[in-house]
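Asker: How does the following fold in three dimensions:
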Amino acid sequence: MSVRENATAVSEAVSEAVSEARPGEERPSAHATGPAPGVPSAGRTTRHLTRLLASEIGLTFRRPRNLAMLGVLAVVPVLVGVAVRVASGEDVGGSIVGQIAGNGLMLTFAAFVAMMPIVLPLTVAVVAGDAIAGEAAQGTLRYLLVAPAGRTRLLAVKYANVVVFCLAACAVVALSALAAGLVLFPVGPVTLLSGTTIPAGGALLRVGVVVLYAAAGMAALGAVALAVSTLTEAPIGAVASSVVLVVVSQVLSAIPQVAAVRPFLLTSWWGAFDGALRAPVEFDQMGQGLLAFAAYAIVAGSVAWARFTSKDITA
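Answerer: Numbering: from 1, shown residues only. Reported below is the predicted structural model:
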């Protein structure tokens, strides 16, 4: 985070804490447990968490770096569409290029196929890896703990912010691909991978399913990056470690000799969104992928919680 952004976050957190204290009363600390007189504890905690989450989301989507990454996510589907448009003049037959050229809605699915391996994961890793390590590196982490939310709730807010960013990133990819597809190609009924043709409205619903599934996969990676972020005070180290884990997982997935570990790799389930392109929708495969994402999020979240709640915050 920049110094100005950190100052804003800290100022909002401290102002909230100060505003709850009455004259002559001790101001709430990060470890305050008793409710303020006349104020229900649950409602007070919810208000603090809501304001802290709103502050986190605001900072995330105001940062020039994050906006630039979202811009790249929006540009890539357009480039894919232009490339397909140029190639569609050749004899492409029944290939994916031919399917996209015949219906612009297919560009959305092609965009996710192209971006799920590295572009989307890199974007999420940058945001999640910076969540804790970035605050520690800037020296603002201990001041954020002044807000009467506690370390566990602060960590939950950080992860909720990462999930929101994952949804936004996947939505940007889908909307950009849909816009490019409408401009560059004809739009009509979509022929699925199973050979069944569905109306354009049904295809849009499946696009929504793909966006949610892809966001869930990225949120699982976000949990891993957040856990790594609690282990270091160097944001670039957390980001690099998360990206290396993605690359190693993809390399292992491509080696037939280690196929036995493939079901346990996070990246192995990212491509399961193609179940939405079949009739009927392959909910079994996608359901297994969601279970894998949940398992990764739970394990990584437990590591992050154990580390963050026990570490000595000196920065």
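
Asker: Please count neighbours and contacts with C-alpha atoms only from this point.
Answerer: Fine.

Asker: so how far is residue 55 from residue 219?
Answerer: The spacing between residue 219 and residue 55, counted by CA to CA, to the nearest Å, is 20 Å.

Asker: OK, contacts around the closest residue to residue 73 other than its chain neighbours?
Answerer: Distance criterion CA to CA, 6 or more residues apart in numbering; nearest residue to residue 73, sequence neighbours excluded, is residue 173 at 5.8 Å. By CA atoms under 8 Å, 6 or more residues apart in numbering, residue 173 lies in contact with 73-74, 77, 108, 111-112.

Asker: Grab the most central residue of the protein for me.
Answerer: residue 166 (2.4 Å; CA atoms, centre = their mean).

Asker: A strand includes that residue, no?
Answerer: No: counting by DSSP: H, G, I helix; E, B strand; the rest coil, residue 166 is not found in a strand; it is helix.

Asker: List the contacts of it.
Answerer: Counting by CA under 8 Å, 6+ apart, residue 166 has contacts 124, 215-216, 218-219.

Asker: Just give me the closest of those to residue 103.
Answerer: residue 215 (24.3 Å; CA to CA).

Asker: quick one: the closest one is in a helix?
Answerer: Yes: assigned with three-state DSSP, residue 215 falls within a helix.

Asker: ok, it touching residue 172?
Answerer: No: with contact defined as CA atoms under 8 Å, residue 215 and residue 172 do not form a contacting pair (11.2 Å).

Asker: So the two - more neighbours on which side?
Answerer: When residue 215 and residue 172 are compared for neighbours, residue 215 comes out ahead with 25 against 20, by other CA atoms under 10 Å.

Asker: and the more buried one, what does it touch?
Answerer: 163, 166-167, 169-170.

Asker: swap the cut-off to 6 Å and go again
Answerer: Neighbouring residues of residue 215 by CA atoms under 6 Å, 6 or more residues apart in numbering: 166-167.

Asker: how close does it sit to residue 270?
Answerer: If you go by CA to CA, the gap between residue 215 and residue 270 works out to 10 Å.

Asker: mind showing which ranges of the chain have poor pLDDT?
Answerer: 1-43, 88-99, 101, 139-149, 312-315 (pLDDT under 70).

Asker: Where do the helices of it begin and end?
Answerer: With DSSP state H as the criterion, the chain has helices at 3-19, 41-62, 64-87, 96-102, 106-115, 119-138, 141-144, 150-184, 200-229, 235-253, 283-308.

Asker: got these as CSV, with distance to residue 191 columns?
Answerer: Formatted as CSV, those follow (distance: least, CA to CA, whole Å):
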stretch, distance to residue 191
helix 3-19, 48
helix 41-62, 37
helix 64-87, 18
helix 96-102, 8
helix 106-115, 9
helix 119-138, 26
helix 141-144, 51
helix 150-184, 15
helix 200-229, 9
helix 235-253, 29
helix 283-308, 19
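
Asker: and of those, who's closest to residue 262?
Answerer: Between residue 262 and the helices of the chain, the shortest separation by CA to CA is 5.5 Å, and it involves helix 235-253.

Asker: and that closest one, which residues are buried?
Answerer: By neighbour count with 16 or more other CA atoms under 10 Å, helix 235-253 contains the buried residues 235-243, 245-247, 249-250, 252-253.

Asker: tell me which of the residues you listed is nearest to residue 229?
Answerer: For these, the nearest to residue 229 is residue 238 (5.1 Å; CA to CA).

Asker: That closest one is in contact with residue 129, isn't it?
Answerer: Yes: contact between residue 238 and residue 129 holds when scored by CA atoms under 6 Å: they sit 4.9 Å apart.

Asker: Now the common contact residues for those two.
Answerer: Jointly contacting residue 238 and residue 129 under the rule CA under 6 Å, 6+ apart are residue 229.

Asker: who has more neighbours, residue 219 and residue 55?
Answerer: The residue with more neighbours, out of residue 219 and residue 55, is residue 219; 28 against 18, by other CA under 10 Å.

Asker: Not counting residues beside it along the chain, what's closest to the more buried one?
Answerer: That would be residue 163: by CA to CA, 6+ apart, it lies 5.4 Å from residue 219.

Asker: what does residue 157 give?
Answerer: residue 53 (5.6 Å).

Asker: how close does that neighbour sit to residue 238?
Answerer: Distance from residue 53 to residue 238, by CA to CA: 22 Å.

Asker: what do you get for residue 182?
Answerer: Counting by CA to CA, the separation of residue 182 from residue 238 is 39 Å.
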